[in-house]
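**Student:** any chance you could fold what I've pasted below:
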Amino acid sequence: WLRDGLTQTLLLIAVRGDDANLACPGGSQSYANGVITGLPGLARDQRLMASLHSQLPLLMEAAPDPLLLALEQLLEGDGKRIIDIFTESGWFGPSSYHTGVLWALESQAWDPRYFDRAVSALVKLAKIDPGGKLANRPLGSLRTIFLPWLPSTNAPLSMRLGTLDSVIRREPEIGWRLLASLLPSFHDSSMNTYKPHWRDAGASEKEILTRRVVFNTYQAVIDRALRHAGDDPDRWEKVITSMHAFDREDLARVREGLQNFAERVQAAPSRFRVWSVLREEVNRHKRFESADWALRKEDLEQFETLLKHLEPSDVVDQYVWLFDEYHPYDAEPYERSKIDAA
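**Tutor:** Model prediction:
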């Protein structure tokens, strides 16, 4: 209670101190920054950060600059100085000190002034995250912040995309995982992240989230996903299984990308992986062609042409799915012809 009360008081001093004519040397914000900067070992010992986990979101709102700087210093190098905050414990369920750090960074991601720094810190946390039972992970916070249809930030689309490009450039693996989580889907759910209590954080000038903004965001995500899928069959699997929610223009770009993949990549395992995923997806749509989510007949026909291009030359690879699937005779004509030929 004492810590919570002191934290709230410091936050009110930082936000409203000048309006209340408090006699703070250098101003109220400077006073709050000085209090946080004066905490011994803040930028060197993760135990202090862990001990303040319940108060971190409000302390971050009170004095974002010194706390962000301390976190950035703890995250330097391989992150060993801060990785222990991910340790989980608890008698009745897992708990971890890293949740307070995530909430603090989520609160600052709402503010365009601190958006890039908060995202950068979350990316570094995602890189060293060892995983665990708790669902609250750094990558989950990043997804919610960038979510096209409900972004948890007041930063405009141009700023979000600029930061996303920076993440992909600096940390390609984390960047791809974030992109993959943002691809469109017909069914999704989310909730807002931790919000600032007393600061405006850019809310009064927030960009209106229109359908056009959402559409443009998805277009940008798909564009980056296609450019960064490269020759990686795992990445193409994610694109293929998400393409049912793409518009026709993006479907054409997927076909073009797969065509280029087929021409560039000659390694049998990679081609077989992409062929298998595409075969399953095409026939799933043909099997449920009357469903609203199913791709159009003309689009499926073009993907079937791609299937023939990607089809493995090894006869075992061509027919192995007959032994892997429980109901191969539910297959559509392309597969039935294979069954008859076998």
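**Student:** helices of the stretch 201-342 of the chain, start to end?
**Tutor:** For the stretch 201-342 of the chain, the helices defined by DSSP state H, counting those that start in this stretch cover 211-229, 233-242, 248-264, 268-287, 297-310, 315-319, 321-324, 333-341.
**Student:** which one of the ones you listed lies nearest to residue 130?
**Tutor:** Nearest of the helices of the stretch 201-342 of the chain to residue 130, taken as C-beta to C-beta: helix 233-242 at 21.2 Å. The C-beta positions use only the backbone N, C-alpha and C, and glycine is treated the same way.
**Student:** who are the packing partners of that closest one?
**Tutor:** Where contact means 3 or more C-beta pairs under 8 Å, 6 or more residues apart in numbering; DSSP states H and E, helix 233-242 is packed against helix 172-182, helix 211-229, helix 248-264, helix 268-287.
**Student:** put together a markdown table for those, with mean pLDDT, mean neighbour count and distance to residue 114 on each row.
**Tutor:** As requested, those are arranged in a markdown table below (pLDDT from 0 to 100; neighbours: other C-beta atoms under 10 Å; distance: least, C-beta to C-beta, whole Å):
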| stretch | mean pLDDT | mean neighbour count | distance to residue 114 |
| --- | --- | --- | --- |
| helix 172-182 | 97 | 19 | 19 |
| helix 211-229 | 96 | 17 | 21 |
| helix 248-264 | 94 | 15 | 33 |
| helix 268-287 | 90 | 18 | 40 |
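**Student:** nearest to residue 205, of the helices of the stretch 201-342 of the chain?
**Tutor:** Ranking these by their distance to residue 205 (criterion: C-beta to C-beta) puts helix 211-229 first, at 14.8 Å.
**Student:** okay, the closest one in CSV with CA atoms only?
**Tutor:** Extracted as CSV, the C-alpha positions of helix 211-229 are listed here (Å, rounded to 0.1, in the frame of the first residue of the first chain):
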residue,chain,number,x,y,z
ARG,A,211,-11.9,0.8,-42.8
ARG,A,212,-9.4,2.3,-45.3
VAL,A,213,-6.7,2.5,-42.6
VAL,A,214,-7.3,-1.1,-41.5
PHE,A,215,-7.2,-2.2,-45.2
ASN,A,216,-4.0,-0.3,-45.8
THR,A,217,-2.4,-1.9,-42.7
TYR,A,218,-3.2,-5.4,-43.9
GLN,A,219,-1.9,-4.6,-47.4
ALA,A,220,1.3,-3.4,-45.8
VAL,A,221,1.6,-6.5,-43.7
ILE,A,222,0.9,-8.9,-46.6
ASP,A,223,3.4,-7.0,-48.8
ARG,A,224,6.1,-7.4,-46.2
ALA,A,225,5.3,-11.0,-45.6
LEU,A,226,5.6,-11.9,-49.3
ARG,A,227,8.9,-10.0,-49.6
HIS,A,228,10.4,-11.7,-46.6
ALA,A,229,9.1,-15.2,-47.2
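**Student:** got the angle between that helix and helix 233-242?
**Tutor:** Calculated by axes from the mean of the first three to the mean of the last three C-alpha atoms, to 10 degrees, helix 211-229 forms an angle of 150 degrees with helix 233-242.
**Student:** what's residue 89 sitting at in phi/psi?
**Tutor:** Its backbone dihedrals place residue 89 at phi -150, psi 180, with angles given as degrees, to the nearest 10.
**Student:** list the contacts of the nearest residue to it once chain neighbours are set aside.
**Tutor:** Among residues not flanking residue 89 along the chain, residue 95 sits closest, at 6.3 Å (C-beta to C-beta, 6 or more residues apart in numbering). With C-beta atoms under 8 Å, 6 or more residues apart in numbering as the criterion, the residues that contact residue 95 are 88-89, 134.
**Student:** where does the stretch 1-150 of the chain dip in pLDDT?
**Tutor:** When the per-residue scores of the stretch 1-150 of the chain are filtered using pLDDT under 70, the ranges that remain are 93.
**Student:** tell me where it has helices.
**Tutor:** Using DSSP H, counting those that start in this stretch, the helices assigned to the stretch 1-150 of the chain run over residues 2-16, 28-37, 46-51, 56-62, 64-74, 98-109, 115-128, 138-146.
**Student:** what's the angle from the second one to helix 2-16?
**Tutor:** Think helix 28-37. Going by the same axes, to 10 degrees, helix 28-37 is angled at 150 degrees with respect to helix 2-16.
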